[in-house]
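Enquirer: Okay, predicted coordinates and the sequence, questions at the end:
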Amino acid sequence: PGPDETQDDAQWRTAGERIQTLLDASSSGGAVARERAEQLVREVTDLYGAVLERMTDVALAADPDLADRFAADDLVASLLLVHGLHPYDVERRVSDALDSVRPYLGSHGGDVSLLGVDDGVVRLQFQGSCKSCPSSAVTLELAVEDAVRAAAPEIDSIEVVAAEKDPSSGVIPAASLLTQLHSNRGRG
């Protein structure tokens, strides 16, 4: 994005905060004034959502490749999400979000797999050292959760599924070695 686009993005990123400030200020006129202000915001949002849906339908019918450009623009993608018009389904958005945090996870010797998205629940599994390092596990999980929730705000929850232990990898437990040692002593 050019400098004008970046400046515009910064202005629009704070629009939600400005709207909330105006709604809070309307409370000084009492509960009825606040309810009317909230209804006004809902009506305007619904109107713009309906127009945006028509425009998106026309644009994508004329050029389906625009879906990728819409999804790549954070401001456009977030507005499409608000109105349920994002061109990608929730699983694709979650997968893309995981791809965006993989370099960070990789820098800590880990990775994450998307096991699926069902009934509003995203199921993930961590691999590598990030699943067992308590100092960074929480930070890494929060980074993943933030990315997933930003990409798919409509999800209800994120479930982290424990990785199955691979019996052929890792260290043999000491108890197992001691048991083997004791059983061999009885033979000799």
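Expert: Sure, I can see it. Residues are numbered from 1 along each chain as shown.
Enquirer: Show me the contact partners of stretch 156-165.
Expert: 115, 119-127, 131, 141, 144-145, 148-149 (C-beta atoms under 8 Å, 6 or more residues apart in numbering). Any C-beta I mention is one placed from the backbone N, CA and C, and that applies to glycine too.
Enquirer: Which members of the residues you listed are positioned in strands?
Expert: 115, 121-127 (DSSP state E).
Enquirer: farthest-separated two in the residues you listed?
Expert: Maximum pairwise distance in the ones in strands among the contacts of stretch 156-165, criterion C-beta to C-beta, is 19.9 Å, between V121 and Q127.
Enquirer: Could I have the PyMOL command that selects the buried members from the ones in strands among the contacts of stretch 156-165?
Expert: Paste this into PyMOL to select the buried members of those, with burial taken from 16 or more other C-beta atoms under 10 Å:
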select buried, resi 122+124+125+126
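Enquirer: could I get the ones in strands among the contacts of stretch 156-165 as a markdown table with distance to L79 and pLDDT?
Expert: A markdown table is the format used below for these (distance: C-beta to C-beta, whole Å; pLDDT from 0 to 100):
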| residue | distance to L79 | pLDDT |
| --- | --- | --- |
| L115 | 30 | 95 |
| V121 | 26 | 95 |
| V122 | 22 | 96 |
| R123 | 28 | 95 |
| L124 | 27 | 93 |
| Q125 | 32 | 92 |
| F126 | 32 | 89 |
| Q127 | 35 | 86 |
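Enquirer: Between the ones in strands among the contacts of stretch 156-165, which sits nearest I155?
Expert: Lowest distance from I155 to the ones in strands among the contacts of stretch 156-165 (C-beta to C-beta) belongs to V122, with 5.4 Å.
Enquirer: which one's the longest helix in the chain?
Expert: For the chain, the helix with the greatest residue count under DSSP state H is helix 31-62.
Enquirer: Can you name the next helix or strand after that one?
Expert: helix 66-72 (DSSP states H and E).
Enquirer: Can I get that next one in PDB, CA atoms only?
Expert: Taking C-alpha atoms only, helix 66-72 is exported to PDB below (Å, rounded to 0.1, in the frame of the first residue of the first chain):
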ATOM      1  CA  LEU A  66     -10.800 -10.300  -7.000                       C
ATOM      2  CA  ALA A  67     -11.700 -12.700  -4.200                       C
ATOM      3  CA  ASP A  68      -7.900 -13.100  -3.500                       C
ATOM      4  CA  ARG A  69      -7.400  -9.300  -3.600                       C
ATOM      5  CA  PHE A  70     -10.300  -8.700  -1.200                       C
ATOM      6  CA  ALA A  71      -9.100 -11.300   1.200                       C
ATOM      7  CA  ALA A  72      -5.500 -10.000   1.100                       C
END
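Enquirer: All good on my end, thank you.
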